[in-house]
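Structure for this input, please:
(2 chains)
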Amino acid sequence: MKFQKLLMAAVGAFALSSAALAQQPIKVGMSMPQTGSLGAGGKAALVALQMWVEDVNAKGGLLNRKVELIAYDDQTNPALTPAIYTKLLDIDKVDLLIAPYGTVPTAPIMPLVKQRDLLLMGNFSFQVNRTVKHDKWFNNSPWNDASSWSDGFILNAQKLGSKTIAFLAADQEFAQNLANGARELAKKAGLKTVYDQNYPPTTVDFSTMIRAIRSAKPDIVFVMSYPNDSVAIVRAVNEIGVGESVKMFGGGMVGLQFTPIMSTLGSMLNGIVNYNSYVPGMKYPGIEDFLSRYAKKAVEAKVDPLGFYLPPFNYAIGQMLEQAINATKSLDHKVLAAYLHKNEMKTIVGPIRYGPDGEWANPRVVQAQFRGIVDKDIEQFRQPGKQVVLSPDAYKTGDVMAPFEKVRK
Amino acid sequence: MIFSFELLLEAVVFGILLGCFYAAVSIGLSVSFGLLDVPHVAHPAIMVFGAYCTYLLGQYGFDPILAGIVLMPPFFLLGMGVYRFYYETFEKRGSDAGVRGIAFFFGLTLIIEVGLILVFGVDQRSAEAPYIGKALSLGEMRIPWRFIVSFGVALVLMTALTLYLSKTFTGRAIKAVAQDEGALRLMGADPVWIKQWAFGIATAVSALAGAMLIIVGPVEPSLDRVYIGRTFAVVVLAGLGSMTGTLAAGLILGISESIVLMHFGASWAPAVAFGLLLVVLGIRPQGLFGR
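Predicted structure coming up:
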């Protein structure tokens, strides 16, 4: 009798623990820059990921388990990310990993995920897997190599008959990788470099550099900068001027995609040709619904109210994980990675197919020119035509206008 | 490398303007760290706080400089309060020795930074004024008005503070407390009160420096990290507590950065500026104007 009771208790306990296990959420872990120079973008991206978590949980979760997002602030400090990811894996025991937004915070965690052979969903980083060659890396950004980022800009420069180029680049991993790619493309295109400057991240003012660029009289100026620098550079250009020789200015300026910065700079943006991931007018299934829902959440979270640049691509990370887990019925990283390599993903930023390096097989970096921007009007940026798409050809809405100083007026 | 005398002249002019700006953002620290020997690492964070307050007043139509001046009295009181708290919890108990005093101000920095993030978010904030976004044209040379304005305000601030410290009774008492606290006590003055007053002045000056910060460029909560190295470098190069030295040190850093940046490469600019600091300290350990 006593034995029967014990047996029943053991069976009951086992059943309860199995049920409890089934009730445990699937933990998705990441660090995200929520302060520091990438903080503005990071917080907006986090809102989108939370939206995906809410959406997927409203549908019953994944594998009958709720999804929980664990995100720590890495302060845009690459020195912090390895420790954060170690904590996520060893203490929080997360099931899946998403990389922090940006190249600089992501690069230091690549050896860790490679060593532990883990699936890592990349988050708008650039070439962090080039040397690591991790086979379970899948980036959400619409570029792959350096040329995919800059070729639209260089191509349009060639159409304008440009012969010379100036480079201005932040002295950090992302900007330098991009700059090196652009330098190679420019060389192939026969453009002569007349000015090439790397600046330290703590640079306070860019007036002197813009003056030096004006003195060098380049045909085009390719800039690779981080958000705070981008604002300072655009302001300096507005005050000092880059000279009448310049046909095109911009290229790889991070920050000019964020609404608060676009709103702050207003008419100073006119004429700048810069990269983007999405601009209004590009048709992807589901993106408009996402953006209208995001706009409400963004107001509460005090983040980028339009959220064109990062949020849809972060939501897409969730969609890809969802698609892979539902199709394979597994959380095994090897199984999920195999699925992501083989299949086309359906997302709100269009279909994504991955190449062997975990980057997009068919990149879709937009080069768009700001036109007709007025001061103090956030709503204008929702309208198609304020950022005229120059490339890729499939989404082109106009031709580049030059010279730069004339278009700005 | 592009070289011409015209560009060199422009680099010097930009350097002077930048140097005066560096001096202006360092002068509060020159009082608190240079004169009072308080390891005030929260100085740049208080400036950023001042910049955000300037932004807030700007929403009600205040010009940034006027906003900075309006903010000086409340910041003066804030500074007095902060010092009193620091005195009661650290100095009085002798707990300020070594790095423990720095820990207090690092904590204050974090509180300010996180507080700003909670209230304003992480986005950049900027000010509007007729002199922001425009430049003075002198032939081929174009000088941004925002730097000219901050140059003017910096000079007025330096002069006012120098006169205050040398011509008024309280000013001389502040200098005295820096030299010999015990002797001041023997003269019947309360050194703690004098230090509290001086810290209030340093914080009030930081409010105006914060206004200059948002005039020169947009601000975000973690901007203090950009200025912490530069402000301490200026104060140490100046010779602790010297107002004239602060201006001279700011100019040296500004001009050297600007020339190197224009003619040799931006990456070298901080290295040359801080290399210069090491050379000067090697020759004069007490700094340029230190005694």
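
next structured bit after the least confident helix or strand in chain A by mean pLDDT?
Ranked by mean pLDDT, DSSP states H and E, the weakest helix or strand in chain A is helix A:2-23, scoring a mean of 53. Using DSSP states H and E, the helix or strand that follows helix A:2-23 in sequence is strand A:26-32.

Which other helices and strands does that following strand contact?
helix A:39-58, strand A:67-73, helix A:81-90, strand A:96-98 (3 or more Cβ pairs under 8 Å, 6 or more residues apart in numbering or on different chains; DSSP states H and E). Where C-beta positions appear, they are placed from N, C-alpha and C, glycine not excepted.

Which residues does it contact?
For strand A:26-32, the surrounding residues in contact (Cβ atoms under 8 Å, 6 or more residues apart in numbering or on different chains) are A:42-43, A:45-46, A:49, A:53, A:61-63, A:65-74, A:80-81, A:84-85, A:88-89, A:92-101, A:105, A:123, A:321, A:325, A:331.

what angle sits between that strand and helix A:39-58?
170 degrees (axes from the mean of the first three to the mean of the last three Cα atoms, to 10 degrees).

Stretch A:159-175 - what's its average pLDDT?
The pLDDT scores in stretch A:159-175 average 92.

What residues sit buried inside the helix or strand harbouring residue A:155?
In this structure, residue A:155 is located in helix A:146-159 according to DSSP H and E. Using 16 or more other Cβ atoms under 10 Å in any protein chain shown as the test for burial, helix A:146-159 gives A:146-157.

Tell me the helix or strand right after that helix.
strand A:164-170.

After that next one, which helix or strand is next?
helix A:173-188.

For residue A:360, see how far away the residue positioned nearest the centre of chain A is.
Centroid-nearest residue in chain A: residue A:124, 3.0 Å away (criterion: Cα atoms, centre = their mean). Here the distance between residue A:124 and residue A:360 works out to 12 Å (Cβ to Cβ, to the nearest Å).

okay, and the common contacts of the two?
A:139, A:141.

buried stuff in the strand or helix carrying residue A:334?
Element membership of residue A:334, judged by DSSP H and E, is helix A:333-342. The neighbour-count check on helix A:333-342 (16+ other Cβ under 10 Å) flags A:333, A:335-340 as buried.

Which single one of those residues is nearest to residue A:226?
residue A:340 (29.6 Å; Cβ to Cβ).

show me the contacts for that closest one.
A:119, A:138, A:320, A:324, A:354.

Around chain B, which positions in the stretch 1-150 of chain A sit nearby?
Within the stretch 1-150 of chain A, the residues that sit near chain B (Cβ under 8 Å from any Cβ of the partner chain) are A:34-37, A:39-40, A:42-43, A:75.

Switch these over to CSV; also include pLDDT and neighbour count.
As requested, these are exported to CSV (pLDDT from 0 to 100; neighbours: other Cβ atoms under 10 Å in any protein chain shown):
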residue, pLDDT, neighbour count
A:34, 89, 25
A:35, 82, 22
A:36, 78, 23
A:37, 75, 29
A:39, 84, 26
A:40, 82, 27
A:42, 93, 30
A:43, 92, 25
A:75, 87, 22
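
now, which of those residues sits nearest chain B?
Ranked by distance to chain B (Cβ to the nearest Cβ), these are led by residue A:39 at 3.6 Å.
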